[in-house]
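> I need the structure of the sequence given here:
(3 chains)
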Amino acid sequence: MFDPRRVTLVVNGNPVDRMVDSRVHLADFLRRDLKLTGTHLGCEHGVCGACTILVDGASVRACLMLAVQADGRRIDTIESVAGDDGILHPIQEALSRRHGLQCGYCTPGVVMTLLELDRDRDGRSLSEPEIRAALSGNLCRCTGYQGIVDAALDLFGPKNIETSTQPTHGSST
Amino acid sequence: MGEASSRIGTSARRIEDAALLRGAGRFLDDIVLPDLLEATFLRSPVAHGLIRRLDVSAARALQGVHAVFTYADLRPLMTSDRMPLALPAAGLRFAVDPFVLAVDEVCYVGEPVALVVAQTRRIAEDAAALITLDLEPLPAVVDPVDALAADAPKVRRECPDNLVARTRIDYGDADAAFAQAPHVIGQQFRLSKGGGHSMEPRGVLARFDEAEDLLTVWDSTQMPHRAKAILVDALGLSERQIRVLTPDVGGGFGPKAVFHPEELAIPAAALLLRRPVKWVEDRFESFTATCGERDQVWTMQVAFTQDAKLLGIRGTLRHDHGASTPYGIALPYNAATNLIGPYVLPAYRIEIDLCMTNKTPSAPTRGAGRPQGTFVMERLLDCMARKLGLPRDEVRRRNLIAPSQMPYPIPVRQRDGSTMEYDTGDYPECQARALKAAGWTDFSARQAQALSEGRYIGLGLANYVEATGRGPFESVAIRIGPSGEIVASTGATAQGQGVKTMVAQIVADAFDVAPQAVHVVTGDTSATHAGLGAYASRQAVTAGNAAHRAARLIVEKAATAAAELLEVSRDDIEIVGGACRVKGVPEQARSLGEIARALAGTPGFALPANLPPGLSVATDYMTAGLTYTNGTHLAEVEVDPETGGVTILRYVVVHDCGRMINPMMVEGQVIGGVVHGIGATLFEWMRYDAEGQPLSVTYADYLLPTADVVPRIEIHHMESPTPLNPLGVKGAAESGTIGAPSALVSAVEDALRPFGVTITDLPVTPPALRRLMRAAAARSAA
Amino acid sequence: MKAPPFRYHAPASLSEAVSLLSNLENARVLAGGQSLMPMLNLRVAAPDHLVDLGRVSGLTGIVDEGQSIIIGAMTTQRAVERSALVARRCPLLAEAVAHVGHQQTRNRGTIGGSICHLDPGAELPVVAAALDAELRIAGPTGARRMKFRDFPEGYLTSQLAPDEILTHVAFPAIGARTGSAFLEFNRRPADFAIVSVAVQITLGASDIVTHAAIAFGGIQGAPVRFAKAEEALPGRPWSAAVGETLRRLVPELACDGDDLYPADYKRDLCGSLLVRAMTKAAARAGGRDV
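Sure, this is the predicted structure:
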């Protein structure tokens, strides 16, 4: 059974007008129909957070929303985050500097979560537990979260607090 | 090397990051080809049964469905009934290679039975729901100990019994050691370890190009060359007809090293349909169809002296191997050998039984059995400390191998026929540094203070070693053409470890350029003549040293050619910023592109310096033996005795993996490994019911560690370079996982010291702790 | 896995929505989708029709009606979490809603969706039980009101007829000298509760407890009011000794368990969480926040 619906929305600032089968979730619509493959599917049951995007500015699991429900909405995905000139967003830059990504599969979702966190904090500095709680909806199997947390602390943490995890070198021989 | 060698050993930014951060990575499911079809599998809903009827006609008739394949449809393409996987193993009593699709018996929930290929995955799933699969249930074998009973039902009808392999380790005279020992402690351990759970599930895409006579397979595998070899064998094609490529891979952690049935079924479907076919695993499939680790039951005894010196260890290990043998018997063997750890153990005998069960086949996940072996040893040491009334650190100190004993041989024969030998490391110093960093000596005062406030805190420690850099070899080829781009290709593969950066750093070092100037190709069977890939924390050792050698060879060739072109002697040439120039006369230089152009040859003219053509070199690094990484973990926890909840307050690692190529990436590996170990200890549990139905098949039920439940991991490094390879490096990718369960459990037990509990099983759940506390209370009341 | 096929309906009004539900076979209401979408993606739910309430007007918003705070069923959990009105007038709900899933799911998940889904581990039904919230329901024959205590039918099922829609939930506003607390135990903070407890107590002269409400989640198919304990409390001030008295009543609680979390373990949690929550609530009622 095919249940085609017309959807009109704005994705990464660009108007989109498409027909979509009503059962297609938003992540598949972005990935397949719009070729925006930066939004990843890790579990497709709403737990892993790899498919996190912003809908009208709020973080959302794209696997838990039908594409047809996005009609009239404004969607932002990872592809919109870096500048058109290719310059990375400060969040992306900090993740690289702090080794907050390894395989990179969860990374787009992490970036979108941190974008929302940055907006919600409204200039207030955040503690490490607050940052960890905010990241708890994004599963990462590689980093143990530390590089991600450190990147967020660099940007949102109390200023002038040393959060360095630089290795302490020693030598046994 | 000159000043540029400082690049090895620096925390260079990763060359992988920029694309991944933009969402511009290219993972398997991101690849779309013209005429692409999508596939799904109908899988067994029961743990054991006979297929009485498999009717796919309604599925085939659904609009949008291109094919529904059963075993009978695929068998004509195959050279044999089963997938040709078997890794050689001495103790194997019979091999149980999987079938590409079930023939007439299903042996675990999730076993593929039929393959549906359709216009979209949605339609394929609609069609799969229309397949009639009538099964006659057979008794399911779930418990690895019960399964070895004489009257146990059989996991597979064709096998003589469920004991698929039996092997042993035996050195010294364990019985004699026990006969004269003043102290003997016996303990049983039941250890469950979870899956790999890469955030990207597995996936395969295959396309047969008739014009090229080439089957191209994109596979999210850790071992593309092995995948190609199996496909060549299984499909009866020649090597030139198959190319396997790995795109960006979203994590591996072991399971992606195993060749699974889908990796053969999808290429077969592409051959039959003459259209590209893609299958991407969904998460339910990754719980039921992807190999992972499972239960081990250890029944062990330790013999020791009054002054806490180990005399011997003996016992049995029963290992739950699941329904087939996709990856030999490495897992329990690793566990058993890693038990020895950094300690002097004069006698050791363990009988290892690999038991088949009606569960998804078992294969290594990060740590690959070593966390369990380490756990048993560390738990026994804690038991000894308790019995003798000695501090836990002191019992360990008395048994640690001293640096003066290095290299330290252990009379255990390894897979490659050699004898185990620890190469370098200062184990007592490693423990001492960790104790100091974690505040071990003050802890009892802090613990007493906390207890007076009603808080139960504990500190645990664990030492371990890890055999890394498993051979036999890895390949690296470097090619530079007239464009001047440096392209390094390797048989090593990347799933997030930073392999490309690691190789680029080493190669860039030799050319005095930035790592970004080196383009690294991984996971393409057409890019190197051979290769192995990612397993056993090996790629910094194997591919790192191959890159090091290849870079030195190609720099030498470039310099020799440049000397001829610039009419100076070789010794007058230096490499600066990727160009060969005359020392002291920087304007007299040849770029790599110019040298490559000269070495590309001109019709009829001689090559410079009569060198072989091409600015290229291909080399393999062959390992000289395993190199042993070691570490000490200290964990501080608080336990809520009313709920059994455990909070990790602090985590300290002292780690020694020899020389570090990129300390930032080493730390990333260790931290990620520790958190995987935290998961295995406190959260993750792949559970099955008595009928073999998996009970934890979503991320709401199978609990991965999240950012809010893991602590900051503090890492301190020691660097004991190994003499076994020119770079002096050891592996680091699994090490973090190995020590974590032991350190955490030691800490939890320490926190609950007032209740007198002994923890023997993994994972440690809050209800399990409550149960232990109740039992201890009942014992002391009695 | 991908959702099975269905027809999608997006009514703009309540009457249109009710009429769709009355006329369609095997239809399901889609609210925030944070429980239904996983069930669809896992193919454990296969409705022929989905009726999305997302575009129905009048179902969102938080209003102070004096005695009660009225929350539209389609109000997101995130909106409730951020509402100063809820924090002031219904602190128990405010405390509980922060425990619901992750921000990414609270941004979509709704108050009404969570209450209608009745997951035993969910937080909001436990609050509704403790406060005996009033549910406002629309159906083909008009509107009706139902106390939450009459709402659950069993595991994951309510008394809502297939053509009825929960439109609003009225949570009683907190009164004077009243304190509340919500606590849960789970393995990771954002998970469904293994056991949760919502309590609210009112103190009279000399800090004597005059009224207490206690509800547990996670121990049976639907939230459970702990009447024995509620009856035992009034007439004396809260103290640690009273807490131990309550704990001794816990073995009388009917409790479902499984292999992983057996009933006796859940009872341990009930006792522990109850005493801790009551201690908090009593302090808050006495004006000492903790």
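
> please point out which parts of the helix or strand hosting A:T8 sit buried.
Applying DSSP states H and E as the criterion places A:T8 in strand A:4-11. Residues of strand A:4-11 classed as buried: A:R5, A:V7, A:L9, A:V11 (neighbour count, 16 or more other CB atoms under 10 Å in any protein chain shown). Every C-beta, even on glycine, is put in place using the N, C-alpha and C of the backbone.

> pick out the most distant pair among those residues.
Largest separation among the buried residues of strand A:4-11 by CB to CB: A:R5 and A:V11, giving 16.3 Å.

> for the residue of chain A found nearest chain B, give me its contacts.
Residue of chain A nearest chain B, by CB to the nearest CB: A:G38 (1.9 Å). The contact partners of A:G38, taken as CB atoms under 8 Å, 6 or more residues apart in numbering or on different chains, are A:T77, A:I78, A:E79, A:P108, B:R22, B:G23, B:A24, B:G25.

> turn the residues you listed into JSON lines, columns for pLDDT.
Listed next are the contacts of A:G38 as JSON lines, based on pLDDT from 0 to 100:
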{"residue": "A:T77", "pLDDT": "98"}
{"residue": "A:I78", "pLDDT": "98"}
{"residue": "A:E79", "pLDDT": "98"}
{"residue": "A:P108", "pLDDT": "98"}
{"residue": "B:R22", "pLDDT": "97"}
{"residue": "B:G23", "pLDDT": "97"}
{"residue": "B:A24", "pLDDT": "97"}
{"residue": "B:G25", "pLDDT": "97"}
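
> ok, and the closest non-adjacent residue to B:A477?
Residue nearest to B:A477 in three dimensions, not counting chain neighbours: B:A618, with 3.9 Å by CB to CB, 6 or more residues apart in numbering or on different chains.

> can you list the strands that whatever helix or strand the one you found lives in pairs with?
According to DSSP H and E, B:A618 maps onto strand B:615-622. Its sheet considered, strand B:615-622 pairs with strand B:473-480 (antiparallel) by DSSP bridges.

> and the gap between the closest residue to C:D150 other than its chain neighbours and C:I115?
Nearest residue to C:D150 in three dimensions, chain neighbours excluded: C:Q159, at 6.5 Å (CB to CB, 6+ apart). Between C:Q159 and C:I115 the computed distance is 12 Å (CB to CB, to the nearest Å).

> which one's more surrounded, those two?
Comparing C:Q159 with C:I115 by neighbour count (other CB atoms under 10 Å in any protein chain shown), the higher total belongs to C:I115, at 25 against 12.

> which residues are in contact with the closest residue to A:T37 other than its chain neighbours?
In space, and not counting its chain neighbours, A:T37 is closest to B:D30: 3.9 Å by CB to CB, 6+ apart. With contacts defined as CB under 8 Å, 6+ apart, the neighbours of B:D30 are A:R31, A:T37, B:P247.

> how about the first one, secondary structure?
At A:R31 the chain is in helix, as set by DSSP: H, G, I helix; E, B strand; the rest coil.

> go ahead and confirm it touches A:V24.
No. Contact criterion CB atoms under 8 Å: A:R31 and A:V24 do not qualify, at 10.2 Å.

> residue of the stretch 351-500 of chain B with the smallest distance to chain C?
Nearest to chain C, among the residues of the stretch 351-500 of chain B, is B:G454, at 12.3 Å (CB to the nearest CB).

> quick check: phi and psi at that residue.
Torsion angles at B:G454 (phi, psi; degrees, to the nearest 10) stand at phi 80, psi 20.

> ok, now how distant is it from chain A?
22 Å (CB to the nearest CB, to the nearest Å).

> contact residues of chain C facing chain B?
C:1-5, C:38, C:42-43, C:185, C:187-192, C:259-262, C:265, C:268-269, C:271-272 (CB under 8 Å from any CB of the partner chain).

> give me the subset of those that lies in helices.
Mapping the residues of chain C next to chain B onto helices (DSSP state H) picks out C:P38, C:Y265, C:D268, C:L269, C:G271, C:S272.

> in the chain, where's the longest helix?
Assuming you mean chain A. For chain A, assigning by DSSP H, the longest helix comes out as helix A:107-121.

> please go with chain B instead
helix B:539-566.

> can you tell me which of the residues of chain C next to chain B are buried?
Buried among the residues of chain C next to chain B (16+ other CB under 10 Å): C:1-5, C:38, C:42-43, C:185, C:187, C:190-192, C:260-262, C:265, C:268-269, C:271-272.

> restrict those residues to contacts with chain A.
C:M1, C:K2, C:A3, C:P4, C:P5, C:P38, C:L42, C:A190.
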